[in-house]
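**Q** Return a 3D structure for these sequence lines:
(chains A and B)
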Amino acid sequence: MAQAAAVAKPAAPPRRRRASATPRRLPYLLIAPAGLLMLGFIAYPVLSVFYYSLQDYNPTKPWRNGFAGLGNFTRAFAHDPQFRDTLTFSAQWVVVEVGLQLLFGLALALIVNQTFAGRALGRALVFSPWAVSGVLTSAIWVLLYNSQTGITRYLADAGLGSYGTSWLSDTSTVFPAAVVADLWRGVPFFAILILADLQSVSRDLYEAAEVDGASRLKQFWHITLPHLKDAVVLSTLLRAVWEFNNVDLLYTLTGGGPAGETTTLPLYIANTSVDAHDFGYASALTTVAFVILLFCSIVYLRLSKFGGDSK
Amino acid sequence: MITEIAPAPERVADEPVRPGGRRRAWDEVPRWQIYVPLTGYLVFTLVPFYWILLFALRPAGSTSLVPWPMTSEHFEKVWTERSFGTYFANSVYVGLATLVLTTVVALAGGYALARFDFRLKRGFLLALLCSQFVPGALLLVPLFQIFARLSMINSLGSVVIAETVFQLPLSMILISGFIRNVPYSLEEAAWVDGCNRFTAFRIVVLPLLRPGLIAVGSFAFVHAWNHFLFALMFLSDPGKQTIPVGLNTLMSADSVDLGALAAGGIVAAVPVVIVFAFIQKWLITGFSAGAVKG
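**A** Sure thing, here's the model as predicted:
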C-alpha cells in the first residue's frame, strides 16, 4: 500500500516546464504507476500461468515436477470428462444469464425511462440489488431456499409443492435456482447501463418519427435499438466475460454441487489448484480458458460489427 | 461527443409540464403498461430483501412472517461472537484504500490517455482492453506466490493491491473519457493566465470531473467491499478477514445459524446501500457522460 502510494507520486508534472506544449516524458510518468501495477500483478502472473501450463508442478508431489510439454493439455481434452462437463456448464451459465439479464434489463430500462409518478423511487428500488455482492446474494438466497424456513415452506402452506424441498441440493432444480439468484442482482447492471444510454437519444428523432406517423414499436425498432447497439454489444461482452469468470456466487451458493452439477471452469480450476495443489494442470486449464474467452470475444465483436457505423 | 452528451441530464429531469402537446404520442404509454410490469419486478426484487430483514429481526426459531416481536439478538451475536466488528473495520480499510489508490492512479493515467499522443499509447490502450479478459479468479495461484514473496500474505495491503489492479483498466478508460469531455481550450486558457499544467488541471478540470470521479470511486469502493475471493485466499488470519469471508464462514457451517447469517448480511449491505442511495444521481450522469460510448 505504502509503496504503491509512493509510486503514484511522479504524477505531478515537472514544474519548470510550465505550460509547454507536450513535455515528452510527462505522459510516461503519468501512466507509469498504472503500468507498473499492471505489469507486476497482471502481466507477470499471466506469463507465469503460461509457463506453468507446460510444466508438471505440484508442491505436494515435488518428485514429479518438470517439463511436461503439452501433456497437461492432452490430459484436459482427452482424459478429463470433468473438464468437458465444466466447460459445457460454463457456456450454458453464461448464455442463459447474459441473455436473460439483457432482456429484463432492457425492458426495465425502457419502463423507468418513461415519465410516471414515483419514478425516482421506482428506479432506486429496481436498481438496488446491483450493489449487492455475490456472497451476500448467496446468503439471501440460502435463506430463501432453505428447506425448513425458506420460501418453499410457505408455498407448501399455500398448497404449492411439498415441505422440506431444498432446491439447491436437488440436481434437477439447482440450475434454475442458481440462475434466478444471479439474475436478481445481474439485471440492474444492464438496466443502469441501458438507461444511461437511452438518455442520450436525441428527442428530435422521435418527434420527426412521430410527424412521419411511425408507431411506438417502429420508433423503438428504428431509433432506440440502433442507438443502443454499441452499448449493448459492449455491455453484453463485458458481462459475459464477467459471468464466466465470477466464482463468488456459485462458490458460496452451491459450492459447485450437488455432484459437480454447477461447477464452472473457473471453479474447477480453483479447486484443482487450491485443493489438489495441481498448479501445472490448473495453469493449463487457465490457458485454455484465456484462449476460449479471447476467441469468443473476437468472434462476437466481428459478428456484431461493433462500432461499425460510428466511423 | 460533448454536444451530443452534455444536454442529457436536463432531459433526465421529469418534464411534467408540456405545453402544446406535440409530444403527446410519446407520453401516451398507458399507465398499466408501466405499473404492472414494474410492480411484478419489484416483488421479485424486494421479497429477498424482506426475507433477510425478517430473519435478522425475528427471534430464533420463530416462523412468523412479520418480524415482531423484534429482537437484536442476532446482531449482537454476529457483531461480537462472530467478530463481524473486526471484519467490518477490515472491510472499511480495504474499501477506502482501494478507492483512493484506484482514483489517484487512474486519474494520472487517464489524463495522459486523454491529453497526449505518445508512442506507447496504442499499446497501452490495447493492454488495458486485454486486461479486461484476464480473470482475477484464474490468477489466484500466481498472485498468491507473488504476495508470499513480498511477505504480504495476511496483510490487508495484498487485497488492496489486487483489487486496485483489477479496477484500474476500466477506471482509467472511464476517466480518460470524462477528461476528453472537458474542452482542452479551458486548460490552455489557464496556462495563458500563468498556471502550470498541474494547477490548471486542479483548478479547471478537476471540479468538472466530480460526477465521474464519484462514480469511479464509489465503484471501486463497492467492488473492494464486496469482493470475496482475494480476501479468502490471501487473508487466513481470522483477525484480518473481511465481511464477505465472514459471511461465507457462516454459510459453510454444518448447521447454518440463519438468524446470524441474516444479521451478518445486513451488516454487509448497509454501507453499500448508503453509498448508492447517496450517489445514484451522480452515477447515471457519470456513466452517460463518457462511459460506454468511449
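**Q** How many neighbouring residues does residue A:222 have?
**A** 13 (other Cβ atoms under 10 Å in any protein chain shown). For every residue, glycine as well, the C-beta is placed using N, CA and C.
**Q** ok now do it, which residues does it touch?
**A** The contact partners of residue A:222, taken as Cβ atoms under 8 Å, 6 or more residues apart in numbering or on different chains, are A:209, A:214.
**Q** Where does the spatially most central residue of chain B sit, in terms of helix or strand?
**A** If you average the C-alpha coordinates of chain B and look for the closest C-alpha using Cα atoms, centre = their mean, you land on residue B:219, 2.3 Å from that point. Residue B:219 is part of helix B:210-226, with elements assigned from DSSP states H and E.
**Q** ok, now how distant is the residue nearest to the centre of chain B from residue B:272?
**A** Applying Cβ to Cβ, to the nearest Å, one obtains 11 Å for the distance of residue B:219 from residue B:272.
**Q** now do residue A:212
**A** When Cβ to Cβ is the yardstick, residue A:212 and residue B:272 sit 46 Å from each other.
**Q** Between the two, which has more neighbouring residues?
**A** With neighbours defined as other Cβ under 10 Å, residue A:212 and residue B:272 compare such that residue B:272 has more, 21 against 9.
**Q** quick one: the more buried one and residue B:222 touch, right?
**A** Yes: with contact defined as Cβ atoms under 8 Å, residue B:272 and residue B:222 form a contacting pair (5.5 Å).
**Q** hey, what's in contact with both of the two?
**A** A shared contact of residue B:272 and residue B:222, defined by Cβ under 8 Å, 6+ apart, is any residue touching both; here these are residue A:131.
**Q** How confident was the prediction at the residue nearest to residue B:101 when sequence neighbours are not counted?
**A** Here the nearest residue to residue B:101 in space, its sequence neighbours aside, is residue B:164; by Cβ to Cβ, 6 or more residues apart in numbering or on different chains that works out to 4.7 Å. Per-residue confidence at residue B:164 stands at 94 (pLDDT).
**Q** could you check the angle helix B:210-226 makes with whichever strand or helix holds residue B:164?
**A** For residue B:164, the host element (DSSP H and E) is helix B:156-180. Helix B:156-180 and helix B:210-226 meet at an angle of 160 degrees, taking axes from the mean of the first three to the mean of the last three Cα atoms, to 10 degrees as the criterion.
**Q** Helix B:156-180 - contacts with which helices or strands?
**A** Contact here means 3 or more Cβ pairs under 8 Å, 6 or more residues apart in numbering or on different chains; DSSP states H and E; on that basis helix B:156-180 packs against helix A:2-8, helix A:26-38, helix B:84-115, helix B:121-131, helix B:140-149, helix B:210-226, helix B:229-234.
**Q** Closest residue of the stretch 201-311 of chain A to chain B?
**A** When distances are taken as Cβ to the nearest Cβ, the stretch 201-311 of chain A approaches chain B most closely through residue A:245, which lies 3.4 Å from it.
**Q** If you could redo that for the stretch 51-200 of chain A, that was the one I meant.
**A** Residue nearest to chain B within the stretch 51-200 of chain A (Cβ to the nearest Cβ): residue A:133, separated by 3.1 Å.
**Q** what's around the nearest residue to residue B:120 once chain neighbours are set aside, how many residues?
**A** Spatially, and ignoring its direct neighbours in sequence, residue B:120 is nearest to residue A:28 (7.2 Å; Cβ to Cβ, 6+ apart). Other residues within reach of residue A:28, judged by other Cβ under 10 Å, total 17.
**Q** Tell me if I'm right that residue A:28 and residue B:116 touch.
**A** No: shown here, residue A:28 and residue B:116 do not form a contact pair, counting by Cβ under 8 Å, at 9.2 Å.
**Q** quick one: the strands in the stretch 201-311 of chain A?
**A** For the stretch 201-311 of chain A, none of the segments meets the definition of strands by DSSP state E, counting those that start in this stretch.
**Q** and it, which residues reach chain B?
**A** Counting by Cβ under 8 Å from any Cβ of the partner chain, the stretch 201-311 of chain A comes close to chain B at A:202-203, A:206-207, A:210, A:216, A:230-231, A:234-235, A:238, A:241, A:244-248, A:251-252, A:255, A:266, A:269-270, A:273-274, A:279, A:282-283, A:286, A:289-290, A:293-294, A:297.
**Q** which of those count as buried?
**A** If you count burial by 16 or more other Cβ atoms under 10 Å in any protein chain shown, the buried members of those come out as A:206, A:210, A:230-231, A:234-235, A:238, A:241, A:244-248, A:251-252, A:255, A:266, A:269-270, A:273-274, A:279, A:282-283, A:286, A:289-290, A:293, A:297.
**Q** before we move on, back to that, check the spacing between the residue nearest to the centre of chain B and chain A real quick.
**A** When Cβ to the nearest Cβ, to the nearest Å is the yardstick, residue B:219 and chain A sit 10 Å from each other.
**Q** tell me the contacts of that residue?
**A** Applying Cβ under 8 Å, 6+ apart to residue B:219 gives the contacts B:167, B:171.
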